[in-house]
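**Student:** need a 3D model of the sequence below.
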Amino acid sequence: MTGQRLPEGVRSEVRAPDATRLAVYEWGNAAGPAIVLVHGFAQCHLCFEPQYRSALAERFRLIAFDMRGHGASEQPADPAAYQGDRVWADDLATVMAAKRLERPVLVGWSMGGRVIRQYLINYGDGALGGVNFVASQVIEEPRFRGPGAPKPVPERLTLEEEIDMAIDFLDGCFAKKPSEAVFRRALGYNMRVPAAVRRAIAGWTTAVPLTVDALRRVTVPVLITHGRQDTLVLPAAAEMTASTVGHARLSWFDDCGHSPFIEDAARFNDELAAFVTASRRP
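**Tutor:** Predicted coordinates:
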């Protein structure tokens, strides 16, 4: 499908139900099937550069937004703005409604998969075309947290300690390290998320039975992408999600860590394109 090409990285803003300002970005084919890219903890839309600067933009309409507290979006001071049973789901639903998306495929990396999970709990999958969970601990079993998972953020933290924590976390995101330029940029947008926001997000959890019930009700196509070398979210997390969503397809990236969409972008993009195309069939 071809159509008008969207301006490169066009930015707009939407307001969440609690009035939090969210920065939203678009690329690609305005008439193509929609893909919503949902980033992970302490990241932003820029992490998806290997997708929006690829051939995906020729065929699909790509939408990404900076989650509250991240990137160019607003950073509420109240910890409750990052917790609760629907705040992240409502943000995602607001973006989808503002962009008038018809049956988009949602791609959630790490925490982004947890955001999609909360969306499924509150909204179901009736408005979706499919879901791609990427290196995500969708079911919050403690045994799925690997040794590289983010450490608790102390109440008192020096700037040096905060920087070192961000570097350690980013190091753990890759089995195959990106270029120095990519790593420097990622460190920059990680540091835009202050310690107070990190602590507040750490207080957000979802009960396992609630998650399992929502996943078992999913009927749209589901793709689970996970790196065998992931030390943040252990591969067993992907296996449990796949066993809960009976029709899900599990795709292993044997030599990748927590960021297969960066570490092996060519393969990831090909699989995502095929998944979105297949999800459009009756």
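
**Student:** what's downstream of the biggest strand by length in the chain, the next helix or strand?
**Tutor:** Scanning the chain for the strand with the most residues, using DSSP state E, yields strand 21-28. Note on strand 21-28: by DSSP states H and E, the next helix or strand toward the C-terminus is strand 34-38.

**Student:** helices or strands next to the following helix or strand past that following strand in the packing?
**Tutor:** Reading on from strand 34-38 to the C-terminus, the next helix or strand found by DSSP H and E is helix 49-52. Counting contacts by 3 or more CB pairs under 8 Å, 6 or more residues apart in numbering; DSSP states H and E, helix 49-52 is packed against strand 61-65, helix 260-263, helix 265-279. Yep, even glycine has a C-beta here, placed from its N, CA and C like the rest.

**Student:** leaving out chain neighbours, which residue sits closest to Phe41?
**Tutor:** Nearest non-adjacent residue to Phe41, counting by CB to CB, 6 or more residues apart in numbering: Met111, 4.1 Å away.

**Student:** what residues does the one you found make contact with?
**Tutor:** The neighbours of Met111, taking CB atoms under 8 Å, 6 or more residues apart in numbering as the test, are His39, Gly40, Phe41, Met67, Ser136, Ile201.

**Student:** helix/strand/coil for the fifth one?
**Tutor:** Put plainly, it is Ser136. coil (DSSP: H, G, I helix; E, B strand; the rest coil).

**Student:** with adjacent residues omitted, what lies nearest to it?
**Tutor:** In space, Ser136 is closest to Gly113, 2.6 Å off (CB to CB, 6+ apart).

**Student:** note down every partner strand of the longest strand of the chain and its orientation.
**Tutor:** Applying DSSP bridges, strand 21-28 is found paired with strand 10-15 (antiparallel), strand 61-65 (antiparallel).

**Student:** tabulate the CA atom coordinates of the longest one in CSV.
**Tutor:** What follows is strand 10-15, C-alpha atoms only, in CSV (Å, rounded to 0.1, in the frame of the first residue of the first chain):
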residue,chain,number,x,y,z
VAL,A,10,6.5,15.1,12.7
ARG,A,11,5.7,16.0,16.3
SER,A,12,2.4,16.7,18.0
GLU,A,13,1.1,16.8,21.6
VAL,A,14,-1.9,15.2,23.2
ARG,A,15,-3.2,15.5,26.7
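
**Student:** what is the mean pLDDT for it?
**Tutor:** Averaged across strand 10-15, pLDDT comes to 94.

**Student:** in that strand, what's buried?
**Tutor:** Neighbour-count burial for strand 10-15 flags Val14 (criterion: 16 or more other CB atoms under 10 Å).

**Student:** kindly report the same for stretch 274-282.
**Tutor:** Buried positions in stretch 274-282, judged by neighbour count with 16+ other CB under 10 Å: Phe275, Val276, Ser279.

**Student:** just give the nearest non-adjacent residue to the second one, would you?
**Tutor:** Looking back up the chat, that one is Val276. Here the residue nearest Val276, using CB to CB, 6+ apart, is Val105, at 4.9 Å.

**Student:** if we can go back for a sec, and the helices and strands packed on helix 49-52 as TSV, adding distance to His226 and mean pLDDT?
**Tutor:** Listed next are these as TSV, based on distance: least, CB to CB, whole Å; pLDDT from 0 to 100:
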stretch	distance to His226	mean pLDDT
strand 61-65	21	98
helix 260-263	7	98
helix 265-279	11	97
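
**Student:** most neighbours per residue, which of the ones you listed?
**Tutor:** Highest mean neighbour count among the helices and strands packed on helix 49-52 (mean count of other CB atoms under 10 Å): strand 61-65, with a mean of 26.

**Student:** give the buried residues for the helix or strand just after that strand.
**Tutor:** Next along the chain after strand 61-65, taking DSSP H and E as the criterion, comes helix 87-98. The neighbour-count check on helix 87-98 (16+ other CB under 10 Å) flags Val87, Trp88, Ala89, Asp90, Asp91, Leu92, Ala93, Thr94, Val95, Met96, Ala98 as buried.

**Student:** does the third one touch Arg114 like I think?
**Tutor:** Okay, so that is Ala89. No. The criterion here is CB atoms under 8 Å, and Ala89 misses it with Arg114 at 10.3 Å.
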